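Participant: When you get a sec, could you give me coordinates for this:
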Amino acid sequence: MKLLYIVEDFAENGGVERIVSQKANIFSSQYDHDVTIVSVYRDSRKIQYSINENVKFISLDVPFANKEKGKFTTFYSRLSIFIIAIRRLNRVVSLVNPDIIFFTTTLGALLLPWCRTKAYKVYESHTARRFTPFNHFFFFTELKADAIVCLTDGDANEYKIARRVEVIPNFIDEPLYSVKDYSVRKAIAVGRLEWVKGFDILIDCWKELKKEHPNWHLDIYGEGTMRAELQLQINRLELQDDVKLCGRNENIMDVYPHYSLHVMPSRYEGQGIALIEAQACALPSVVTDYIYGASDIVTSRFNGILVRQGDKEAMVNAILEMMDSEKLRQEYGNNARIVAQKYAKDNIICKWVKLISSLQSTNAPSCITP
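Facilitator: Numbering: from 1, shown residues only. Okay, the predicted model is just below:
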């Protein structure tokens, strides 16, 4: 079967690009599908995630819109670029002649209704719809898509008129190591250094936490546009010896086991892959009940503590409770490892296999993991 993935910019080092490359490799090597990845935008950077030699890669070489010369110029540039993308995409689709096309990210949702093809069209929602730019145009995506796949139940409920909505979470790799020493007084937070991740909230909380537990340390892994701002906040609160911005780590699954607590203060998420990875490494988590996915992963008082969004005092108290008890961290951590097993790669790929089969046949065969 011919599968085609549409990605905005495959040179980006993000979650969408990572998960698409992994699925493309699996479907090509293990299921013998003919897989092609199409990257829309022109980008001279090296592709960050490796793909098998059997996976084809095509760039539409569409230039980025000009966003620096006023609203009218930006709108006109975006519209012109969008029309170019439609034309080039339809030419490629005509040449490849796929059986199923998977559209990802906002641009994919907008392109889907304009794609002229007999192939089945599937939109993969990697960000909660309500937080996705131009989501008011997704009405047309719902009308034209043969299926919409969401990461969480909450996001799936946003699609009211789609003919078919499925929930298939992202998967994680099996960790090589897990937490062994819950006496370690170190907490970890992971994510892009952007407003949505809420690290500014967590740093404010740490000022209060330091009063009760001056020997605890927080490491924040990730990069983003707020790095300088967050460092200034750390300096202003005199937390230089307590909170560290550690940058990106390409082997983060090997890093988690060196901590005894994971904290996720996100304002919203597509799903929260860092949360699942931390849990798989047997880390208990204190997490804001963000939209969407936190409550899908964490059951409060079982494998972590859920905190009401925007309640900084509750966040401080929850972290304090975890800091106070090594026994509690170990109990929740052991439960976390069990919960994370449902996000194992084989389990999630099985759901995709069933979806692909069902689009071709009403009697989809059972999934057999190779």
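Participant: which stretches of the stretch 151-300 of the chain form helices?
Facilitator: 153-156, 199-212, 227-236, 252-255, 273-280, 294-297 (DSSP state H, counting those that start in this stretch).
Participant: most packed of those helices?
Facilitator: Of all these, helix 273-280 has the most neighbours on average by mean count of other Cβ atoms under 10 Å, namely a mean of 26. Backbone N, C-alpha and C define where each C-beta goes, glycine included.
Participant: for residue 5, helix, strand, or coil?
Facilitator: Put simply, residue 5 is strand when judged by DSSP: H, G, I helix; E, B strand; the rest coil.
Participant: what's it in contact with, if anything?
Facilitator: 20, 23, 24, 35, 36, 37, 38, 101, 102, 104 (Cβ atoms under 8 Å, 6 or more residues apart in numbering).
Participant: Distance check, it against residue 61.
Facilitator: Remark: distance between residue 5 and residue 61 (Cβ to Cβ, to the nearest Å) = 17 Å.
Participant: Narrow the contacts of residue 5 to those in helices?
Facilitator: Using DSSP state H, 20, 23, 24 are the members of these that sit in helices.
Participant: now, among those, which is nearest to residue 202?
Facilitator: Closest approach to residue 202 among these (Cβ to Cβ): residue 20, at 29.8 Å.
Participant: Give me the neighbour count for the closest one.
Facilitator: Residues near residue 20, counting by other Cβ atoms under 10 Å, number 25.
Participant: Tell me how far the residue nearest to it when sequence neighbours are not counted lies from residue 40.
Facilitator: Take residue 20 and drop its neighbours on the chain: the residue closest to it by Cβ to Cβ, 6 or more residues apart in numbering is residue 5, 5.2 Å away. Distance, residue 5 to residue 40, using Cβ to Cβ: 11 Å.
Participant: Count the residues that sit near residue 240.
Facilitator: Neighbour tally, residue 240, other Cβ under 10 Å: 10.
Participant: isn't it right up against residue 234?
Facilitator: Yes - with contact defined as Cβ atoms under 8 Å, residue 240 counts as touching residue 234 (6.1 Å).
Participant: quick one on the thing from earlier: just the ones in helices among the contacts of residue 5 now: which is nearest residue 9?
Facilitator: Looking across those and measuring by Cβ to Cβ, the closest to residue 9 is residue 20, at 11.6 Å.
Participant: how far away is the closest one from residue 228?
Facilitator: Taking Cβ to Cβ, one finds residue 20 at 31 Å from residue 228.
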